[in-house]
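*Asks:* Fold the following and give me the result.
(one chain, ligands or ions: 1)
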Amino acid sequence: MTINTEHYWMPFTANRQFKARPRLMVGAQGMHYQAEDGRQILDGTAGLWCVNAGHAHPAIVSAVAEQAAAMDFAPPFQMSHPKAFEAASSLAAMAPAGLNRVFFCNSGSEAVDTALKMALAYHKLRGDALRTRLIGRERGYHGVGFGGIAVGGIAGNRKHFGPTLAGVDHLRHPLDLSRNAYSRGEPEHGAEIADEFEQRLLALHDPATVAALIVEPVQGSTGVIIPPKGYLQKLRSICDKYGILLIFDEVITGFGRLGTAFAADYFGVVPDIICCAKGLTNAAVPMGAVIVRQSIHDAFMQAAPENAIEFYHGYTYSAHPLACAAAIATLAVYRNENLFDRAANSAAAFEAAAHGLRGLPFVKDVRNLGLVCGIELESRPGKPGARAYEIFEQCFWEQGILIRTTGDIIALSPPLIISASQIEELFAGIAHCLKKLK
Ligand SMILES: Cc1ncc(COP(=O)(O)O)c(C=O)c1O
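*Replies:* Predicted structure coming up:
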């Protein structure tokens, strides 16, 4: 297939390198993509942490097709359609108890910016207008909106875009290979890093000025950072102590990645607000959502007169009918096919296979939880990221496997339907490439 690659400016991609040898997918079914050259590619990343139920699930495909034929669009401001309410109810039913009001948007980035705005407005309308600070974490990824990059902690995503939001600070991330390398599941050491939130940041800024803390329960994009035992519980109790809202960015941990509906369920820590996207529609149609405690929602309702808009925020495509149809069908698939339990049941085999890479050339850590794992490599001197990129290319071209890399970390997050033999195939392919690494 000859295509003109000139005009498409690709996101988060080395455009010139890609265009020299494009990696193109033309089909997808279940656990596999079909590459342009006809090869089947085992999907080790659920697309981009999003196709949790596997590709082209018939129930989701037909729901989207039927909705496209029935009604393409309904305005979301001062108008709506029944599936918006149904999708919100389905999502609320899956969310942790107490979080049952849903605001729709189109992506994880929009979910984050929506949540941050809600947090700021919530304090303000309750008369707590001093609370304007937002706290994120180093190595946090919260998408690419100005709010998200401000609370995010990835240098490359921030440095070119000016000072972003004022009044933001960051907590240290909890990755500590000196104590926790090769942890299976939650690391033993590091819960005390959460104390810095209170002892350092809140002491510095005054807790009464902080609106919200936003964290990914498991940091994904910067290479799978799993919270140490007790760490998230501590963050929750510090937030409670000072009236600070806790936001979980569950864009990758939502919808079964850890073997539970949300990471909040896995860790037994319920935030005040959850941001989600990706697996919400199995990526069939873009959609994001912010799920909030009823009390937060109700504060907005009570603060405004009945005929006034309570929250000056929204998107043309909030609760888009196709996205709602996809979400309703996807959540039903998760429920009806017990996919979260299936992920939980596969987690031990996934862990064992991941840790089987220990000892291979340049592997310096393997960490895992549920159906996510990170394999960290020693960087080639002067060429950070080069080794992992080589593995990525070899996996794709020679092994027929899709993996994801960030710096010198390989991150795996397969669809929840991965079988035992596909787990073996995935890690055997990576092992094969690692053995050849220089
Ligand atoms: C934790 C987290 N938040 C937000 C986002 C941004 O989502 P989107 O790319 O849909 O805007 C991502 C994307 O990977 C993510 O991992």
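
*Asks:* where does the protein have its least confident helix or strand?
*Replies:* helix 155-158 (a mean of 90; mean pLDDT, DSSP states H and E).

*Asks:* quick one: strands adjacent to the helix or strand just after that helix?
*Replies:* Downstream of helix 155-158, the first helix or strand assigned by DSSP states H and E is strand 168-171. Strand 168-171 has these partner strands in its sheet, going by DSSP bridges: strand 133-137 (parallel).

*Asks:* contacts for the strand it pairs with?
*Replies:* 116, 119-120, 142, 147, 150-153, 165, 167-173, 197, 201, 205, 209-216, 219, 244 (Cβ atoms under 8 Å, 6 or more residues apart in numbering). The way it works is simple: take the backbone N, C-alpha and C, and place the C-beta from them, glycine included.

*Asks:* Next secondary structure element downstream of it?
*Replies:* helix 146-151.

*Asks:* What is the distance between that next one and the centre of its chain?
*Replies:* 15 Å (Cα atoms, centre = their mean, to the nearest Å).

*Asks:* got the buried residues for it?
*Replies:* If you call a residue buried by 16 or more other Cβ atoms under 10 Å, then helix 146-151 has these buried ones: Gly147, Gly148, Ile149, Ala150, Val151.

*Asks:* And for the residue in the stretch 151-300 of the chain that the ligand sits nearest to, the neighbour number?
*Replies:* The nearest approach of the stretch 151-300 of the chain to the ligand comes at Val251, 3.5 Å away (Cβ to the nearest ligand atom). Number of residues near Val251 (other Cβ atoms under 10 Å) recorded here: 28.

*Asks:* cool, and Leu357?
*Replies:* 16.

*Asks:* Please apply the same query to the one 10 residues further on.
*Replies:* Summarising burial for Arg367: neighbours were counted as other Cβ under 10 Å, giving 28.

*Asks:* so what's it closest to, chain neighbours aside?
*Replies:* Using Cβ to Cβ, 6 or more residues apart in numbering and skipping residues adjacent in sequence, the residue nearest Arg367 is Gly374, 5.0 Å away.

*Asks:* ok, the one you found - contacts?
*Replies:* Under the criterion of Cβ under 8 Å, 6+ apart, the neighbours of Gly374 are Gly223, Val224, Ile225, Asp365, Val366, Arg367, Asn368, Ile409, Ile410, Ala411, Leu412.

*Asks:* Surely it is in a helix?
*Replies:* No. Counting by DSSP: H, G, I helix; E, B strand; the rest coil, Gly374 is not found in a helix; it is strand.

*Asks:* partner residues bridging it?
*Replies:* Counting by DSSP bridges, the residues bridging with Gly374 are Arg367, Ala411.

*Asks:* one step back: list the buried residues in the least confident helix or strand of the chain.
*Replies:* Going by neighbour count (16+ other Cβ under 10 Å), the buried part of helix 155-158 is Asn157.

*Asks:* which bits of this structure sit near the ligand?
*Replies:* Proximity of the chain to the ligand, by Cβ under 6 Å from any ligand atom, involves residues 107-109, 112, 141-143, 216, 220-221, 249, 251-252, 277.

*Asks:* 8 Å instead, please
*Replies:* Contact residues, the chain versus the ligand (Cβ under 8 Å from any ligand atom): 48-49, 106-112, 140-145, 148, 216, 219-221, 249-253, 275, 277-278, 286, 288.

*Asks:* Just the buried subset of the residues you listed, please.
*Replies:* Applying 16+ other Cβ under 10 Å to the residues of the chain next to the ligand flags 49, 106-112, 140-145, 148, 216, 219-221, 249-253, 275, 277-278, 286, 288 as buried.

*Asks:* Return the subset of these lying in helices.
*Replies:* Among those, the members found in helices (DSSP state H) are Trp49, Gly108, Ser109, Glu110, Ala111, Val112, Gly148.

*Asks:* would a markdown table of those with pLDDT and distance to Lys83 be doable?
*Replies:* Below are those laid out as a markdown table (pLDDT from 0 to 100; distance: Cβ to Cβ, whole Å):
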| residue | pLDDT | distance to Lys83 |
| --- | --- | --- |
| Trp49 | 98 | 25 |
| Gly108 | 98 | 21 |
| Ser109 | 98 | 23 |
| Glu110 | 98 | 19 |
| Ala111 | 98 | 19 |
| Val112 | 98 | 24 |
| Gly148 | 97 | 27 |
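
*Asks:* between those residues, which is closest to Tyr266?
*Replies:* Set against Tyr266, the nearest of these by Cβ to Cβ is Trp49 (15.8 Å).
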